[in-house]
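Undergrad: Next come a sequence and a model predicted from it.
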Amino acid sequence: VVLEGGEEPGGRVRVARDVAPWDVNLGPEFIHGVENSALKRFVDNCGFGTKEYEWPDRYYLGDENALLGAEEAERTSEDVRLVHELFDELPGAPKDGDADATALEWLTRTHKAPDRVVKLAENIYANDFCASLGKLGMQELIAEKKSWIYGEKYLVLDRPLRDVALALAADVDVRVNWEIESVDYSRPGLVRVKRRGCEEVIIAKRCIVTLPITALRSDNVTNKVSFIPRLPAAKIRAAETVQIGNAAKVYIGFDKILWPEDLFDVVCTNCFLPEFWITKYPISPFAREAKSSEEAARIAATRAVITFFVAGDLADEIAKMDERELFSRAIDQLDAIFKTSCRESVTTMKHVNWSRERLVQGAYTHPTVNAGDSRTLLAASVSNILFFAGEATYTGVNPCLQGAMETGVRAAAQVRASLEDNIQSKL
């Protein structure tokens, strides 16, 4: 039995239906690497199609007012070459046993990187890792690089990732809108999971916990789940040590294409927002969530959607902005990049900030300063009854979907072994 706090399976894999005639991804969107990937194997088995893209395929250098292809940018910009060399090879990064450092400290103190290179690293790498450079831990950055076995291909699915979640949930007993209040594992070999706000209880022999780490923290009252007895202090400390980053998406819909047809992803320097991409999916059979006939007409007229992706401190900052100013500045940025007036072609606008999602309170975990063995502790079972999965428990520091799926496979194997050992002990 799968207990899902949201309205449908998938957790952070969700879509919006008030932006375009197709479903727009609110959470994850892409397949990062195809080698050794549980996600890629699954979508292939489902018969879903994918298309490979280069990431990023373009750079907009704001101080030069130049939109360049990736190859041209690396050929002509010393800053672009340098930032990739630093993060591709991680020279001079702290080694095992050394004191940890932030990515910002590593760039500015170890490599004396100029401010323009630091800003570029903030927009390319820190934004992708879901944190600001000053909050990225170098030891975990190195751990992820060492354990990355997926290759460098970047794939876009031929449908929203919601379809992957629904395919995973097919033929599974999934209880939606089932928010958990408590998990009682005080009796040997038995766990009682209580639904919030009522007396409904699920009783089982074993339980796999895939809650966001925010729900495990002792000081969190918003989405905290109570464990009886209290989880081991080491696990709670681990949940409080590994940090979850905030991310936001700003969507701008258009009734015409104002950019090169082959444009996919643009990393922007010296701009308001650091990155945007353009994806499109088949028209959805589900009704659009329009609040008026006028809004429904704008959604129907939308031919393309630009998605700005913003993470870390900037995501927190724009959460405090008036949305009219946010959208206006985003459109001004597009005007500058495409050298045309975009405003009159805008149909829809939407802002999603994951810090406001009560059940998660963030987007995904990021390489954390002085994390040590916290992810291993997060992944450890408790009393041979509770087993833990989810992206934060992936010891390779991989927040991508394939990493999360691998933790589920690991936890399922642990449960099976636990039950088989229990049977053997009774024979």
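TA: Yep, it's here.

Undergrad: And Gln402, how far from Val346?
TA: Here the distance between Gln402 and Val346 works out to 35 Å (C-beta to C-beta, to the nearest Å). C-betas here are computed from N, CA, C, even on glycine.

Undergrad: which of these two has more neighbours?
TA: Gln402 (22 against 18; other C-beta atoms under 10 Å).

Undergrad: Contacts only, for the more buried one.
TA: When contacts are counted by C-beta atoms under 8 Å, 6 or more residues apart in numbering, Gln402 touches Ile31, His32, Gly33, Ser37, Ala38, Leu39, Lys40, Tyr150.

Undergrad: how does it look with 7 Å?
TA: By C-beta atoms under 7 Å, 6 or more residues apart in numbering, the residues touching Gln402 are Ser37, Ala38, Leu39, Tyr150.

Undergrad: From those, which land in helices?
TA: Counted as lying in helices by DSSP state H, out of the contacts of Gln402, are Ala38, Leu39.

Undergrad: so which of the contacts of Gln402 comes closest to Asn127?
TA: Tyr150 (19.7 Å; C-beta to C-beta).

Undergrad: what about the closest one, neighbour count?
TA: 20.

Undergrad: Can you tell me the closest non-neighbouring residue to it?
TA: Spatial nearest neighbour of Tyr150, chain neighbours left out: Gly33 (2.6 Å); criterion: C-beta to C-beta, 6 or more residues apart in numbering.

Undergrad: Could you verify my assumption that that neighbour touches Ile149?
TA: No. Using C-beta atoms under 7 Å, Gly33 is not in contact with Ile149; the gap is 8.0 Å.

Undergrad: These two: who's more crowded?
TA: Gly33 (20 against 12).

Undergrad: where's the more buried one relative to Asp163, distance?
TA: 20 Å.

Undergrad: What of Asp421?
TA: The spacing between Asp421 and Asp163, counted by C-beta to C-beta, is 37 Å.

Undergrad: between the two, which one's more packed in?
TA: Asp163 (19 against 11).

Undergrad: got the phi/psi numbers for that one?
TA: In terms of degrees, to the nearest 10, the main-chain angles of Asp163 are phi -60, psi -30.

Undergrad: How many neighbouring residues does the closest residue to it other than its chain neighbours have?
TA: The shortest distance from Asp163 to any non-neighbouring residue, by C-beta to C-beta, 6+ apart, is to Phe48 (7.0 Å). Applying other C-beta under 10 Å, we find 16 residues neighbouring Phe48.

Undergrad: before we move on, what SS does Phe48 have?
TA: Using DSSP: H, G, I helix; E, B strand; the rest coil, the three-state assignment for Phe48 comes out as coil.

Undergrad: any idea how far it is from Asn398?
TA: Distance from Phe48 to Asn398, by C-beta to C-beta: 21 Å.

Undergrad: same check, this time on Val409
TA: Counting by C-beta to C-beta - Val409 and Asn398 are separated by 14 Å.

Undergrad: More neighbours: the two, which one.
TA: Comparing Val409 with Asn398 by neighbour count (other C-beta under 10 Å), the higher total belongs to Asn398, at 23 against 11.

Undergrad: so that one touches Lys146, yeah?
TA: No. Counting by C-beta under 7 Å, Asn398 sits too far from Lys146 to count as a contact (11.3 Å).

Undergrad: Spell out the secondary structure type for the closest residue to Thr76 other than its chain neighbours.
TA: Using C-beta to C-beta, 6+ apart and skipping the chain neighbours, the partner closest in space to Thr76 is Leu68 (7.1 Å). Secondary structure state of Leu68, per three-state DSSP, is strand.

Undergrad: ok, Leu68 - contacts?
TA: By C-beta under 7 Å, 6+ apart, the residues touching Leu68 are Arg58, Tyr59, Leu61.

Undergrad: Nearest to Val221 among these?
TA: Tyr59 (42.9 Å).

Undergrad: Tyr154 bridge partners, please.
TA: His32, Tyr53 (DSSP bridges).

Undergrad: picking up where we left off before, ok, the residue nearest to Tyr150 to Glu78 distance?
TA: 28 Å.

Undergrad: And for the spatially closest residue to Trp22 that is not a sequence neighbour, the neighbour number?
TA: In space, and not counting its chain neighbours, Trp22 is closest to Tyr281: 4.2 Å by C-beta to C-beta, 6+ apart. Counted with other C-beta under 10 Å, residues neighbouring Tyr281 total 20.
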